[in-house]
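Trainee: Based on what follows, work out the 3D shape:
(one chain, ligands or ions: 2)
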Amino acid sequence: LSDRLSGIFSKLRSKGRLTDADIDATAREIRLALLEADVALPVVKAFIARLKERARGAEVSQALNPAQQVIKIVHEELVEVLGGESRRLRLAKQPPSVIMLAGLQGSGKTTLAGKLALHLKAQGHQPLLVAADLQRPNAVNQLQVLGGRAGVEVFAPEPGNGVGDPVAVAHASVEHARRHMRDIVIVDTAGRLGIDAEMMAQAAAIRDAVDPDEVLFVIDAMVGQDAVATAEAFRDGVGISGVVLSKLDGDARGGAALSVRHVTGEPILFASTGEKLEDFDVFHPDRMASRILGMGDVLTLIEQAEAAFEDDQKERMTAKLLGGQQFTLEDFLEQIVAVRRMGPIANILSMMPGMGQMKDQLAEVDDKHFDRITAIIRSMTPGERENPKVINASRRLRIANGSGVTVMEVNQLLNRFTEAQKIMKQMGGMMGLPGMRRKAT
Ligand code: GDP
Ligand code: MG
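Mentor: Ligands and ions are numbered 1, 2, ... in the order given. Okay, the predicted model is just below:
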């Protein structure tokens, strides 16, 4: 996707003025890009219509060229649709506040309940987790384990709390919270694999029993096109006041975010990004916009990339690749140092010559990680950098000690580098200039 977009934008960049035809062509490509990101078709259509309108009406900017202007508009529109500034949880004036979680089975509700409890506890609240999913045999236990980890009390069905009846359990929990000074009640509910009238009725009954301040609809970011139907069903069946996107640690482009926003009109409050309790974040529309477009903050990137990459370095690198020469750890280090000069790492990679193709290898990289990679490579001898094959076990240990990392990290770097080297080699081959020395792969 981002490759496609960089293609579009580089086309635009070479033009002086933005015509209607340019806008249409760009809009067509953006449309495909959004569909690839799994944004639902009606949502894409609405978005494109608005984009065209804005692009046509946009004043000619002095500071930006037309391509940069379009990029800026696309990004701004996405941020706008995704909710502008993120909203905070709505709490009751008179505690306890009640937050009810709803969503399909497997969407991540129970996990989120634990995360939310931990998050709120860290803010000084006294949450109570409520196990109102009595559908699955293990559901109560799952919540108890999570509650234990978060150090938060779990209200589970027991004689007196309403055994076997999730509505009674939920109802009793609010009274329990009041008596025990818990100021936020988090009600976990049951889901089904598909939209189901009985489940909806139960969720609605729980809602009526606890009168929630928030009904958070939890949706798996990987669901893609199904997001619209699911969100509509919960909007109509239970009513929702906010959205949580889960499993954003996966490789979903996050198109579901746009679809759900469009259908419900409700804000996305949180993002769930892994199986651990700490894998949780307040939702950031701007980051999600970048993720959907896969382009980072392209506007600043274009300038930063140009500044950080001195032309001679770029030329040397390109000449080297075209010449079919090995991409060495030395080159790798040089690139990393150039990248670090540009500021935060996320999404910068795709701007680097050849690095766009390596995104998968480098997907989990953060700034500190990059600094460690730099340290590791610096602990190698020039010979080792030129030819990493000589780095045997004892050399690995020496390098690890020298750079203050584990041998495992050295291994990981070398493995990733070998992959990268292969890709570089293929790219050199693909460029296929005459007279180039081709090495056997
Ligand atoms: P529920 O049926 O809606 O309560 O969903 P669960 O909370 O039980 O989650 C279903 C599965 O997804 C479990 O295996 C969780 O560990 C996993 N899960 C939940 N949230 C996330 C997330 O943000 N990232 C990842 N990778 N897995 C998640
Ligand atoms: Mg559950």
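Trainee: Which residue comes closest to Leu269 once chain neighbours are left out?
Mentor: Gly242 (4.6 Å; C-beta to C-beta, 6 or more residues apart in numbering). The way it works is simple: take the backbone N, C-alpha and C, and place the C-beta from them, glycine included.
Trainee: burial count for the one you found?
Mentor: Applying other C-beta atoms under 10 Å, we find 19 residues neighbouring Gly242.
Trainee: just checking, His180 touches Leu128?
Mentor: Yes - contact between His180 and Leu128 holds when scored by C-beta atoms under 8 Å: they sit 7.5 Å apart.
Trainee: and for those two, which residues touch both?
Mentor: Glu153 (C-beta atoms under 8 Å, 6 or more residues apart in numbering).
Trainee: contacting residues around the residue nearest to Leu269?
Mentor: Arg87, Leu89, Arg90, Glu214, Val215, Leu216, Phe217, Glu266, Pro267, Ile268, Leu269.
Trainee: Break the chain down into its structural domains.
Mentor: Following automatic domain parsing, the chain resolves into domains at 2-81, 97-286, 298-431.
Trainee: Where does the chain get nearest to ligand 2, residue-wise?
Mentor: Thr110 (3.2 Å; C-beta to the ion).
Trainee: Which positions in this structure make contact with ligand 1?
Mentor: By C-beta under 6 Å from any ligand atom, the part of the chain that sits against ligand 1 consists of 103, 105-111, 191, 246-247, 249, 272-275, 279.
Trainee: Point out the most buried one among the domains of the chain.
Mentor: domain 97-286 (a mean of 20; mean count of other C-beta atoms under 10 Å).
Trainee: what's the first-to-last distance across that one?
Mentor: 29 Å (C-alpha to C-alpha, to the nearest Å).
Trainee: Okay, and Glu334 sits in which element?
Mentor: helix 329-341 (DSSP states H and E).
Trainee: what does Arg54 give?
Mentor: Assigned by DSSP H and E, Arg54 falls in helix 41-57.
Trainee: tell me which strands and helices that helix is in contact with?
Mentor: helix 20-36, helix 66-81, helix 255-264 (3 or more C-beta pairs under 8 Å, 6 or more residues apart in numbering; DSSP states H and E).
Trainee: Just the CA atoms of that helix, as PDB, please.
Mentor: The C-alpha coordinates for helix 41-57 follow below in PDB (Å, rounded to 0.1, in the frame of the first residue of the first chain):
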ATOM      1  CA  LEU A  41     -16.800   0.600   0.300                       C
ATOM      2  CA  PRO A  42     -19.500   3.100   1.300                       C
ATOM      3  CA  VAL A  43     -17.100   4.700   3.700                       C
ATOM      4  CA  VAL A  44     -14.400   5.000   1.000                       C
ATOM      5  CA  LYS A  45     -16.900   6.600  -1.300                       C
ATOM      6  CA  ALA A  46     -17.900   9.200   1.200                       C
ATOM      7  CA  PHE A  47     -14.300   9.900   2.000                       C
ATOM      8  CA  ILE A  48     -13.300  10.300  -1.600                       C
ATOM      9  CA  ALA A  49     -16.100  12.700  -2.300                       C
ATOM     10  CA  ARG A  50     -15.000  14.900   0.600                       C
ATOM     11  CA  LEU A  51     -11.400  14.700  -0.400                       C
ATOM     12  CA  LYS A  52     -12.200  15.900  -4.000                       C
ATOM     13  CA  GLU A  53     -14.200  18.700  -2.800                       C
ATOM     14  CA  ARG A  54     -11.500  19.900  -0.500                       C
ATOM     15  CA  ALA A  55      -8.700  19.400  -3.000                       C
ATOM     16  CA  ARG A  56     -10.600  21.500  -5.600                       C
ATOM     17  CA  GLY A  57     -11.500  24.200  -3.100                       C
END
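Trainee: per-residue pLDDT, the residue of the chain closest to ligand 2?
Mentor: With respect to pLDDT, Thr110 scores 97.
Trainee: can you tell me which residues contact the nearest residue to Val263 once chain neighbours are set aside?
Mentor: Leaving out its chain neighbours, the residue that sits closest to Val263 by C-beta to C-beta, 6+ apart is Ala231, at 4.4 Å. Taking C-beta under 8 Å, 6+ apart, we find Ala231 in contact with Phe217, Ile219, Ile240, Val243, Ser259, Val260, Val263, Thr264.
Trainee: Considering only the residues you listed, which also neighbour ligand 2?
Mentor: Counting by C-beta under 5 Å from the ion, nothing from the contacts of Ala231 sits close to ligand 2.
Trainee: Would you check which pair of these lies furthest apart?
Mentor: Ile240 and Ser259 (14.0 Å; C-beta to C-beta).
Trainee: Arg291 against Arg253, yeah?
Mentor: Yes - Arg291 lies in contact with Arg253 (C-beta under 8 Å); the separation is 6.7 Å.
Trainee: what are the bridge partners for the residue nearest to Leu269, then?
Mentor: Leu216 (DSSP bridges).
Trainee: And it, how close does it get to Val218?
Mentor: 10 Å (C-beta to C-beta, to the nearest Å).
Trainee: List, one by one, the residues from the stretch 1-150 of the chain near ligand 2.
Mentor: Residues of the stretch 1-150 of the chain lying near ligand 2 (C-beta under 5 Å from the ion): Lys109, Thr110.
Trainee: Poorly predicted segments of the stretch 1-150 of the chain, please.
Mentor: The stretch 1-150 of the chain contains residues with pLDDT under 70 at 1-18, 58-69, 71, 84-86.
Trainee: would you list every one of the strands in the chain?
Mentor: 97-102, 127-132, 153-155, 184-189, 214-220, 242-246, 268-272, 280-282 (DSSP state E).
Trainee: now for the third one, which elements pack on it?
Mentor: For strand 153-155, the helices and strands in contact under the criterion 3+ C-beta pairs under 8 Å, 6+ apart are strand 127-132, helix 139-150, helix 166-179.
Trainee: Spit out the contact partners of Val154.
Mentor: Val154 neighbours (C-beta under 8 Å, 6+ apart): Leu128, Leu129, Val130, Ala131, Leu143, Gln144, Gly147, Gly148.
Trainee: again, 10 Å this time
Mentor: Under the criterion of C-beta atoms under 10 Å, 6 or more residues apart in numbering, the neighbours of Val154 are 113-114, 117, 128-131, 140-141, 143-148, 173, 186, 188.
Trainee: If you drop the residues flanking it in sequence, what lies closest to Gln105?
Mentor: Computed as C-beta to C-beta, 6+ apart, the closest residue to Gln105 that is not its neighbour in sequence is Gly191, at 3.8 Å.
Trainee: who's in contact with Lys389?
Mentor: Leu414, Thr418.
Trainee: Roughly how far does it sit from Ser403?
Mentor: Distance from Lys389 to Ser403, by C-beta to C-beta: 19 Å.
Trainee: re the thing from before, got TSV for the helices and strands packed on helix 41-57, with distance to Val98 too?
Mentor: Shown next, in TSV, are those (distance: least, C-beta to C-beta, whole Å):
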stretch	distance to Val98
helix 20-36	36
helix 66-81	29
helix 255-264	20
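Trainee: Could you check those and tell me which one is nearest Gln412?
Mentor: Across those, closest to Gln412 is helix 20-36 (C-beta to C-beta), at 29.9 Å.
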